[in-house]
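Trainee: Sequence and predicted model, in that order:
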Amino acid sequence: MAARGAVRLLLLSLLLLALVRSSAPAQERSRAAERVKHLNELLALTDVQSRQILEILTRQDAAAARDNTAAKGNRRAQAKALKARVTAGDREIEALLTPEQLKKYASYKKARRSELDTRKRPRGTEYE
């Protein structure tokens, strides 16, 4: 009787693990889709541009997961990989945009950068 319970528990655990693992790619796609939706609102992308940018961002998200796993908590390595991914992704996206869209995209990136910089706290000053 105890063996049946253990088998059921094992099967249930495996099923739960499979469900958790299968939701990660869907989460990556939805995050990339949200970013494409935002860029579409900002830049008035064509359907072809939207699809191509979605592919780029989905690849970036998958690469991020691989890089973070490979870095195993090494924050410098993660930051270096992030910078490389963002730079490469920006180049790919910029190649797809019209000159007018490029101007808006550059302005968007500058505003995002400024927003991220204001979120950063200076290190070591919290104890002064």
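Mentor: Arrived safely.
Trainee: mind listing what's buried in stretch 36-54?
Mentor: Within stretch 36-54, the residues that qualify as buried are 36, 39-40, 43, 45, 49-50, 52-54, counting by 16 or more other Cβ atoms under 10 Å. (Each C-beta comes from the backbone N, C-alpha and C, glycine too.)
Trainee: Secondary structure element holding R4?
Mentor: Using DSSP states H and E, R4 maps to helix 2-43.
Trainee: After that helix, which helix or strand is next?
Mentor: Following helix 2-43 in sequence, per DSSP H and E, is helix 47-71.
Trainee: List the contacts of that next one.
Mentor: Applying Cβ atoms under 8 Å, 6 or more residues apart in numbering, the contact partners of helix 47-71 are 24-25, 28-29, 31-33, 35-36, 39-40, 43, 45, 77-78, 81-82, 85-86, 89, 92-93, 96-97.
Trainee: Beyond it, next helix or strand please.
Mentor: Going down the chain from helix 47-71, the next helix or strand is helix 75-96, by DSSP H and E.
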